[in-house]
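**Q** with the sequence up front, the predicted model follows.
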Amino acid sequence: MTRTMRAIAIPLLYALFPLVFLTAQAPKTAAKPAPLPMPNVKFVDIAERAGLTAKTEAGGEQVKKYIIETTGSGAAFFDFDNDGWPDIFLVNGSRLEGFPKGQEPTSHLYHNNHDGTFTDVTRGAGVALAGWGQGVCAGDYDNDGWVDLFVTFWGHDILLHNNGNGTFTDVTRRVGLWHDDVRWSTGCAFVDYDRDGRLDLFITHYVDLDLEHTPKPGSNAQCQWKGIPVMCGPRGLKGTHSQLYHNNGDGTFTDVSDKAGVAKTPPYYCFTALTGDFDNDGWPDIYVACDSTPSLLFHNNHNGTFTETGAMAGVAYNEDGHEQAGMGADAVDYDGDGWLDIIKTNFSDDTAVLYRNNHDGTFSDATVEAGLSKNTQFLGWGTLFVDVDDDGWPDLFMTNGHVYPELDGKGLNSTFRERKLLYWNERNGKFRDISLQSGPGITTPLNGHGLAAADFDNDGAVELLVNNSHDRPSLLKNYGDHGNWVLLSLTGTKSNRDAIGARVTLWVAGHQQSQEVRSGGGYISQSDFRLHFGLGQASKIDVVEIRWPSGLVQRLENPGINRIVKIREGIGIMDK
């Protein structure tokens, strides 16, 4: 065929058979699934009517001269009297100028009255702790049947032994946890790292702070923020190391930080300690959210030692390889694949980071694809995965608040008091920001730090407790719609009594959920040990599998729904 014939024939062919060519070239696209309907979520702050009225101090409210004034304090839900109703403990701070003797702010213990209210029992319980309080974690370290509290300070940490009669005793010196030198401890977690049935104690530290030798606001480049003179740090200040204490089984602890390898890192600025079996090998690992330095992942070597693998595992930096200002952290299986994923909050002009577990000891930064990269104006602290509508998929809650009150009125994108964030799990690896549609408990701006979760009124809906600096705490209750649910309360026998480290996997209509009983986390805080699972519209649970810290695996069929299920290691359901 000549060039002329081709010039005539080809256009004719296209004219005669246009549909053939168009069909061959057009890509076939599958119809996009319709978006899931917006959940009906309405969080209301009920703290005042519940009796939570004490203000949390945190240095200056208008100007902050030193970094100790910026980190806020933790919160705890724990059942101190074993009545089946979670009580509340709130850590408190101080001011640089101090307070008149007898008027110092203290921590507060609130007893659950079983009617939606709490009574302040601080003084009678012996837990009126004063000073620069930071974090809190819970655990029955002596397996006597009563949950104890560890409270961190800039100063001297305190271990409160639960006497079983509504009172606590400071046993810090007696058990070997006292240090004469001043230390700035932040996060903590009880963890049975060697699986001997006794809870050990992991503590993170922030800055080796000496106010007499700390630069003044605005005095150098580390003391400026967007042209505003502000307090200095943490960059430019002396970093610290984490500590690990081994439980000796006789009511005392031994510092094994160097021997176990957790003190062999460079000096970092660390906040939240998050425990979890991140590689599904049956041994608890420890993730540490660090500020302005790489975050840490201590992999458990099964022999009493740890190897720091944060960079190799992909959880030390963001996907661009940058250090971040890590504050809070939590872990859950958000996508139903049986592996724990990690969320970490960070400074403003950045995003929180979601690390998706790759099932091989590494993680991928899934922040963008999960829909968490749009909010950059907030400075995040406490964060938790919580199923707010009981649909069987964990959602994501974050509390926020800036460190610089001086930025207010400067026309910047951030403010000192900030609203919270709530992301709804769309069941496809993505989250939808529903913050502005989720009630005044979410949208009211406060300077929030510590965060804890519990179904404190045992009605199947999880409440959220936030420790706010310069204000009373928030107790957020969701008055929206809920699906079916189950609340699992575990008691160890060969394992530690609180079952800390137990992995629970639940199957409902082919969908699996996995959670762990955990001490610490959130942001230097403590949530209820009981595990809450939403069930959606399912009328039954197919199987619950529990892998206890001792290594025992129990499988329970159809334990019931819309109820609290008490399970004892090696025995099973106690009250069915």
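**A** Now that the structure is in, tell me what you want to look at.
**Q** so what's D390 up against?
**A** G460, A461, H482, G483, N484, W485, G534, L535, G536 (C-beta atoms under 8 Å, 6 or more residues apart in numbering). C-beta here means a position set from N, CA and C on the backbone, and glycine is covered the same way.
**Q** determine which two of those residues are furthest apart.
**A** The largest separation in those, counting by C-beta to C-beta, is between A461 and G536 at 14.1 Å.
**Q** these two: which has the busier surroundings?
**A** A461 (21 against 17; other C-beta atoms under 10 Å).
**Q** how about the more buried one, what does it touch?
**A** D390, D455, K477, N478, H482, W485.
**Q** quick check, pLDDT for it.
**A** Here the pLDDT value assigned to A461 is 97.
**Q** for the protein, what are the low-confidence residue spans?
**A** Residues of the chain meeting the criterion pLDDT under 70: 1-32, 576.
**Q** of the contacts of D390, which is the nearest to Y110?
**A** Nearest to Y110 among these is A461, at 19.4 Å by C-beta to C-beta.
**Q** tell me the contacts of the nearest residue to T106 once chain neighbours are set aside?
**A** Using C-beta to C-beta, 6 or more residues apart in numbering and skipping residues adjacent in sequence, the residue nearest T106 is A128, 4.0 Å away. Contact analysis of A128 by C-beta under 8 Å, 6+ apart lists T106, S107, T122.
**Q** among those residues, who's most crowded?
**A** That'd be S107 among these, by other C-beta under 10 Å, with 26 neighbours.
**Q** doesn't I88 make contact with that one?
**A** No: counting by C-beta atoms under 8 Å, S107 does not reach I88; the two are 10.7 Å apart.
**Q** one step back: so which of the contacts of D390 comes closest to H322?
**A** Once C-beta to C-beta is applied, the member of those that ends up nearest H322 is G534, at 35.1 Å.
**Q** C188 contacts F153, doesn't it?
**A** No: C188 is not in contact with F153 according to C-beta under 8 Å; the separation is 10.9 Å.
**Q** those two: who's more crowded?
**A** The residue with more neighbours, out of C188 and F153, is C188; 30 against 23, by other C-beta under 10 Å.
**Q** which strand residues sit across from the more buried one in the sheet?
**A** Taking DSSP bridges, one finds I203 as the beta-bridge partners of C188.
**Q** contacts only, for S185.
**A** Taking C-beta under 8 Å, 6+ apart as the contact definition, S185 lies against Q134, G135, T152, F153, W154, D157, I203, T204, H205, Y206.
**Q** gap between the fourth one and N92?
**A** As for F153, its distance to N92 is 11 Å (criterion: C-beta to C-beta, to the nearest Å).
**Q** same check, this time on G371
**A** Taken as C-beta to C-beta, the span from G371 to N92 is 36 Å.
**Q** the two: which has the busier surroundings?
**A** Neighbours around G371 and N92, counted as other C-beta under 10 Å, are more numerous at N92. The numbers are 23 against 17.
**Q** where does the more buried one land in three-state SS?
**A** Of the three states, N92 takes coil under DSSP: H, G, I helix; E, B strand; the rest coil.
**Q** E57 is in contact with that one, correct?
**A** Yes: the pair N92 / E57 is scored as a contact, 6.0 Å apart, by C-beta under 8 Å.
**Q** what's the overlap in contacts for those two?
**A** Counting by C-beta under 8 Å, 6+ apart, the residues touching both N92 and E57 are P105.
**Q** ok, back up a step: in a markdown table: the contacts of A461, plus distance to N318 and secondary structure.
**A** Compiled in a markdown table, the contacts of A461 are given as follows (distance: C-beta to C-beta, whole Å; DSSP: H, G, I helix; E, B strand; the rest coil):
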| residue | distance to N318 | secondary structure |
| --- | --- | --- |
| D390 | 32 | coil |
| D455 | 34 | coil |
| K477 | 34 | strand |
| N478 | 31 | strand |
| H482 | 35 | coil |
| W485 | 35 | strand |
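**Q** with these in mind, which one is nearest to G145?
**A** The closest of the contacts of A461, once distances to G145 are taken by C-beta to C-beta, is D455, at 22.1 Å.
**Q** what's around the nearest residue to that closest one once chain neighbours are set aside, how many residues?
**A** Excluding its sequence neighbours, the residue lying closest to D455 (C-beta to C-beta, 6+ apart) is V462, at 5.2 Å. Residues near V462, counting by other C-beta under 10 Å, number 26.
**Q** same thing with A34?
**A** A count of nearby residues for A34, using other C-beta under 10 Å, gives 6.
**Q** that one: which element?
**A** Secondary structure from DSSP states H and E places A34 outside every helix and strand.
**Q** now swap in A316 and tell me
**A** Following DSSP H and E, there is no helix or strand that holds A316.
**Q** could you do T169 as well?
**A** Per DSSP H and E: strand 168-170 holds T169.
**Q** how about R173?
**A** Element membership for R173 (DSSP H and E) is helix 172-175.
**Q** mind giving me the packing neighbours of that helix?
**A** With contacts taken as 3 or more C-beta pairs under 8 Å, 6 or more residues apart in numbering; DSSP states H and E, helix 172-175 sits against strand 158-162.
**Q** can I get the CA coordinates of the strand it packs on in CSV?
**A** Provided in CSV are the C-alpha atoms of strand 158-162 (Å, rounded to 0.1, in the frame of the first residue of the first chain):
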residue,chain,number,x,y,z
ILE,A,158,7.1,8.3,93.6
LEU,A,159,5.8,4.8,93.8
LEU,A,160,2.5,4.6,95.6
HIS,A,161,1.7,1.2,97.0
ASN,A,162,-2.0,0.4,97.2
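**Q** report how many residues lie close to G310.
**A** 20.
**Q** that one: what's it in contact with?
**A** Shown in contact with G310 (C-beta under 8 Å, 6+ apart): Y287, P294, S295, L296, L297, A316.
**Q** quick one: which of those is nearest D365?
**A** A316 (11.1 Å).
**Q** could you report the neighbour count for the closest one?
**A** For A316, using other C-beta under 10 Å, the count is 20.
**Q** go on, W178?
**A** Neighbour count of W178, defined by other C-beta under 10 Å: 14.
**Q** thought H156 was touching it, still the case?
**A** Yes: between W178 and H156 a contact is recorded at 6.9 Å, counting by C-beta under 8 Å.
**Q** what residues are shared contacts of these two?
**A** With C-beta under 8 Å, 6+ apart as the test, W178 and H156 both reach T172.
**Q** so what's T305 up against?
**A** K259, A260, G261.
**Q** show the buried residues in those.
**A** A260, G261 (16 or more other C-beta atoms under 10 Å).
**Q** of the contacts of T305, which is the nearest to G51?
**A** When the contacts of T305 are compared against G51 (criterion: C-beta to C-beta), the nearest one is A260, at 42.1 Å.
**Q** done for today, thanks.
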